[in-house]
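Undergrad: predicted model and sequence below, questions to follow.
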Amino acid sequence: MKRLLLVVILIAIIGFTVANYYFIAHFSNPHAATITPMSVSAAPQNAFCQSNQLSGDIAAQGAAGNIYATLKLTNTGKTSCEVTLGNSITALFSARNIITHYEQNPEEKNIMLSPGATVYSQVHYPNGPQCQSTIVQQPIAFFYKTPQTDFAFKPTGPTAKLIVQACSSEAEKTIIDIWPISKTPITQ
């Protein structure tokens, strides 16, 4: 009796899943960009976004001694792919006195990013830190980096690279704040 009840429940779940898929596929706007949360166990094999289906840019703006930069990661492919939310943004620099600090330590989740949909992050660093030593311009790059994908954000604006004003002394640290990827733009 219990087995029969479990079989009936399983058939009902499968039936609701198929019906839900049918209604979404036939009655939704096929051109709308959607972001669908999903559990890691429900992810299809090899669904992670690959570098060739992503576009990413970073636009920096100065504000009262600070630089805030918005990072946008867009699925330019023809199929949905999986993006890792959380602390999947990394910075690459050669200076030994620059420290990255993650603004939040969220639980990492994966979401499906439909074609044309975008996720966001933000970074912050000082524009001319208070140094006892001189200031040195240090190039910096930002990446969406997961075990499956390593993708560089391209700076937009008048220059082809981002520069951090850092102290020349290794004892004086410059901190770069990095926000985790989010479904909506991050504002301060």
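TA: Sure, I can see it.
Undergrad: which other helices and strands contact the helix or strand containing residue 141?
TA: Applying DSSP states H and E as the criterion places residue 141 in strand 135-145. When contacts are defined as 3 or more Cβ pairs under 8 Å, 6 or more residues apart in numbering; DSSP states H and E, strand 135-145 packs onto strand 54-63, strand 66-75, strand 89-92, strand 150-152, strand 162-167, strand 174-178. Where you see a C-beta, it was placed from the backbone N, CA and C, and this is true even at glycine.
Undergrad: what's in contact with the third one?
TA: Translated: strand 89-92. Strand 89-92 has contacts (Cβ atoms under 8 Å, 6 or more residues apart in numbering) with 71, 98, 100, 121, 123, 140-145, 176, 178-181.
Undergrad: selection in PyMOL covering whichever of these are buried, please.
TA: PyMOL command restricting the contacts of strand 89-92 to the buried ones, with burial defined by 16 or more other Cβ atoms under 10 Å:
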select buried, resi 71+98+100+121+123+140+142+143+144+145+176+178+179+180+181
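Undergrad: what's the most distant pair in the contacts of strand 89-92?
TA: Distance extremes for these: the farthest pair is 98 and 181 at 21.2 Å, using Cβ to Cβ.
Undergrad: residue 116: which of the helices and strands packed on strand 135-145 is closest?
TA: strand 66-75 (6.7 Å).
Undergrad: ok, and the closest non-adjacent residue to residue 167?
TA: Excluding the flanking residues, the one nearest residue 167 by Cβ to Cβ, 6 or more residues apart in numbering is residue 131, at 3.7 Å.
Undergrad: ok, now residue 65?
TA: In space, and not counting its chain neighbours, residue 65 is closest to residue 127: 5.5 Å by Cβ to Cβ, 6+ apart.
Undergrad: try residue 91
TA: residue 100 (5.1 Å).
Undergrad: number of residues surrounding residue 118?
TA: The number of residues packed near residue 118 is 16, by other Cβ atoms under 10 Å.
Undergrad: what's the nearest residue to it once chain neighbours are set aside in contact with, if anything?
TA: Closest residue in space to residue 118, ignoring its immediate chain neighbours: residue 74 at 4.4 Å, by Cβ to Cβ, 6+ apart. When contacts are counted by Cβ under 8 Å, 6+ apart, residue 74 touches 54, 55, 56, 116, 117, 118.
Undergrad: let's see the strand holding residue 141 as PDB, backbone CA atoms only.
TA: What follows is strand 135-145, C-alpha atoms only, in PDB (Å, rounded to 0.1, in the frame of the first residue of the first chain):
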ATOM      1  CA  ILE A 135      51.600  57.000  -4.900                       C
ATOM      2  CA  VAL A 136      52.100  54.400  -7.700                       C
ATOM      3  CA  GLN A 137      49.700  53.600 -10.400                       C
ATOM      4  CA  GLN A 138      49.000  49.800 -10.500                       C
ATOM      5  CA  PRO A 139      47.100  48.100 -13.300                       C
ATOM      6  CA  ILE A 140      44.300  45.800 -12.200                       C
ATOM      7  CA  ALA A 141      41.900  43.300 -13.900                       C
ATOM      8  CA  PHE A 142      38.700  41.700 -12.700                       C
ATOM      9  CA  PHE A 143      37.500  38.200 -13.600                       C
ATOM     10  CA  TYR A 144      34.500  36.000 -13.200                       C
ATOM     11  CA  LYS A 145      36.300  32.900 -12.000                       C
END
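Undergrad: done for today, thanks.
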